[in-house]
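In: got a predicted model here, sequence first, then my questions.
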Amino acid sequence: MKVIELKKVEKIYNDSEVKVHAVRGIDLEFEEGEFAAIVGPSGSGKTTLLNMLGGLDKPTVGDIYIGGTHINDLSGSKLIDFRLFNIGFVFQSYNLIPVLTAKENVEFIMQMQGISQEERYQRTKALLEEVGLGDRLDSRPKQLSGGQQQRVAVARALASKPKFVLADEPTANLDSKSTENLLEIMEKLNKEENITFIFSTHDQRVVKKARRVITVEDGKVLSDERK
Amino acid sequence: MKLYKIAWRNLWRNRKRTAITSASILFAVFFAVVMRSLELGFYDHMIKNAIESYSGFLQIQHVDYQTDPSLENTIELDEGFIAQLENAEGVKAVVPRVQTFALASSGEQTKGALIVGIDPVKEKKLSNPEIRLVRHQFTKENIERLNENSGIPESVKEKLNGLLYKSYTNTGTIAMDLDLDEEAESFLLSILGQETAFPGEYLQANDDGVLVSERLSKYLKLKVGDTLILYGQGYQGATAADLFPVRGIVSIPNPELDNKLVYASLEKAQYFSNLGNRISNLAINLDDNSDKNLKYMEKKLSDMLNSETVTVENWKVFNKVLWQQIESDNNSGIIFLGLLYFIIFFGIFGTVLMMIHERYREFGVMVSIGMQKTRLSVIMIYEMILMGILGVLSGIILSLPLILTMHYNPVHLTGDMAQMMEDMGFEAVMPLASPGMYMVWQAVIVAIMVALSSIYPIRKIFALKEIDALRA
């Protein structure tokens, strides 16, 4: 089943005197259950592409459909709500809410979705156990290591039962052991629960695990390989 | 997780900054509350001294009396009407008075005097001249006798010469001037009281004698039992002249009045001035002295009076000088507080700017993962409110012990400041107003500042672009 569809997507930044063509006419589709990595050198346009996939940025030209919804047409609070219910985010520097515990960080997303307290509790506990943090429910982010924080971020991204998870350089700040551990968790979730993961990465360990690798350069898709 | 809980935790992310901002609000509120309490306490004190204890909050008088307070503008009121007024709801005291001027003479001395005719019994409910009666005086003779008394400690004797020719209305003030503890030194005060006893008695109803103010009595060299001659002009040009035995000497705090005041009974003053049953005014005190009630009672009494020649005036009209003095001082105080809060506002605003700057990326993350901007704004508003509440409550709580202590134990001023206040006719004390609405107003002002400070972060949140915020 098609989760994401990009049609002739272009992104031109007009902010400075010089126009920057960050993405040039990309056509892409992502199916449910994919474990895909978008790779490319710095400035190739992969982060811009990821931002547009996440509804954080809008294409200058072209259309983006997520689960059949044309997200170019959404704006303001509707777009925020769309993200809340459809997209999970994992950021490079974790970006957990520092004043909330691991449990509260995960639960918070579901609270915004209006899920009942009992269901929130059960799901939070299950998710944190799944990422191996069942014993750190009440720890604040600063009490956790980088790897642990990123695992909480993954649990948070999954809390809303999204159609897919976007992970922007999720392993960039992690040591090799934590990276390995995180990738194992995501791969397991992908395989066992058919959750779609799309990474933007430089990390070869991530590329190795990915079953689809999209190489972007100068705003264009250079190659799209499925393993 | 409730939003206010997140806000509370956010506040303590940077403990020092929150503590400093709350402390600046705390000190502003503390200072504002104490200053306001001092101002309001002082206004109350002035009103109590000048209005509640002398002129009354309302006066019934001839319509022209305010511009020409002569005997020609006196009024004649029906006894039944006065009785009706006395029984009216909300009326505490109704006191008829006659005021006129005459030459006061004794021996070879003569001086212009203000003659105030009072009902000795009713007047006790208002100015109560009885408490102003001089009951003790230090003379050379009694100081010598006290110096010979072995029961009096040397430390007290050393101070006695400083009290020569000073008069007192009670032994409590003697104790204060000698730095004596009234309770502990009751024996000593009893001796001092007996030795310095000064003759004199309050006027009886229909008394034909007078009470003379202390400075005037000294000028006229009058003692209790002497005769005072008053000579002047009565109602409608009649000659007013009579002899009055001096029943007592009264000590009036206002030196100007103390130089010229003579109290006579109302009946005797009316007879002397050929006024018949006419009076200069009817002074009225009320149970509730609030502005609202004052206006209500003024209207109510005007309706009861229903006259074109007689009117009801409130103290702000017949004592314009005091009212304008209070108004002007009050406005200066408000401007000063405005400046203080203006400075504090920028302190709060600075904190808001720092909070926004520090957390802009975090805001971007929260909106990216699905938090509505309205919710985010609510968290910010909660943070501001909590910081405001923290500062306001601490400020008020900190100020309460000081305000309550100084309200019940006002500071007694000394030196030039005391002299200045006494010259103005006020007791030289600085009472603080009891806790009241002015405290609530400080909370309202801080709430307004918080609301104003919140405008910027809310605008910033609503203008937030996720991409820009995530790159911050």
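Out: All right, it came through fine.

In: B:Gln59 belongs to a strand, doesn't it?
Out: Yes - secondary structure of B:Gln59 (DSSP: H, G, I helix; E, B strand; the rest coil): part of a strand.

In: that one against B:Ser280, yeah?
Out: No - look at B:Gln59 against B:Ser280 with Cβ atoms under 8 Å: they stay out of range, at 9.2 Å. C-beta coordinates here come from the backbone N, C-alpha and C atoms, glycine included.

In: which helix runs longest in the chain?
Out: Let's take chain A. With secondary structure taken from DSSP state H, chain A has its longest helix at helix A:176-193.

In: my bad, chain B
Out: Under DSSP H, chain B gives helix B:320-368 as its longest helix.

In: gap between B:Asn161 and B:Asn147?
Out: Distance check for B:Asn161 against B:Asn147: by Cβ to Cβ, to the nearest Å, it reads 9 Å.

In: sorry, wrong one. I was asking about B:Asp242.
Out: 43 Å.

In: ok, the two, which is more surrounded?
Out: The neighbour count for B:Asp242 versus B:Asn147, taken as other Cβ atoms under 10 Å in any protein chain shown, is higher for B:Asp242 (18 against 13).

In: show me what contacts the nearest residue to the more buried one once chain neighbours are set aside?
Out: Spatially, and ignoring its direct neighbours in sequence, B:Asp242 is nearest to B:Phe272 (5.1 Å; Cβ to Cβ, 6 or more residues apart in numbering or on different chains). Shown in contact with B:Phe272 (Cβ atoms under 8 Å, 6 or more residues apart in numbering or on different chains): B:102, B:115, B:117, B:230, B:234, B:240, B:242, B:264.

In: test my guess that the last one contacts B:Leu114.
Out: No - counting by Cβ under 8 Å, B:Ala264 sits too far from B:Leu114 to count as a contact (10.9 Å).

In: and these two? Which one has more around it.
Out: B:Ala264 (29 against 18).

In: sorry, back to before: so what touches the longest helix of chain A?
Out: Residues contacting helix A:176-193 (Cβ under 8 Å, 6+ apart): A:33, A:35, A:130-132, A:145-147, A:150-151, A:154, A:158, A:165, A:167, A:170-171, A:174, A:195-197, A:203, A:205-206, A:209.

In: the closest residue in space to B:Trp12 that isn't next to it in sequence: neighbouring residues, count only.
Out: Leaving aside its sequence neighbours, B:Trp12 sits nearest to B:Thr18 (Cβ to Cβ, 6+ apart; 6.3 Å). Using other Cβ under 10 Å, B:Thr18 has 20 neighbouring residues.

In: B:Thr18 should be in a helix, yeah?
Out: Yes - assessed with three-state DSSP, B:Thr18 lies in a helix.

In: where do the strands sit along chain A?
Out: Using DSSP state E, the strands found in chain A span residues A:2-13, A:20-31, A:35-39, A:61-66, A:69-70, A:87-90, A:164-168, A:196-201, A:212-217, A:220-226.

In: leaving out sequence neighbours, find the closest residue to the residue most central in space within chain A.
Out: Nearest to the mean C-alpha position of chain A, counting by Cα atoms, centre = their mean, stands A:Leu166 at 1.4 Å. Nearest non-adjacent residue to A:Leu166, counting by Cβ to Cβ, 6+ apart: A:Gly54, 4.9 Å away.

In: could I get the contacting residues of that neighbour?
Out: A:83, A:87, A:89, A:166, B:368.

In: what is the nearest of those residues to B:Met437?
Out: Nearest to B:Met437 among these: B:Ser368, at 46.8 Å, using Cβ to Cβ.

In: how many other residues sit next to the closest one?
Out: If we define neighbours as other Cβ under 10 Å, then B:Ser368 has 24 of them.

In: show the model's pLDDT score for it.
Out: Turning to B:Ser368, the model gives it a pLDDT of 94.

In: thought it was touching A:Gly88?
Out: No - the criterion here is Cβ under 8 Å, and B:Ser368 misses it with A:Gly88 at 10.8 Å.

In: and the pLDDT for B:Ala184?
Out: B:Ala184 is given a pLDDT of 57.

In: now do stretch B:206-220, average pLDDT.
Out: On average, stretch B:206-220 scores 95.

In: how far away from the center of its chain is it?
Out: 28 Å (Cα atoms, centre = their mean, to the nearest Å).

In: straight-line length of that stretch, end to end?
Out: Terminal residues of stretch B:206-220 are spaced 25 Å apart (Cα to Cα, to the nearest Å).

In: for chain A, give me its nearest residue in chain B.
Out: B:Gly370 (2.6 Å; Cβ to the nearest Cβ).

In: how close does the one residue in chain A that gets nearest to chain B get to A:Asp175?
Out: Closest residue of chain A to chain B, Cβ to the nearest Cβ: A:Leu84 (2.6 Å). Per Cβ to Cβ, A:Leu84 is found 32 Å from A:Asp175.
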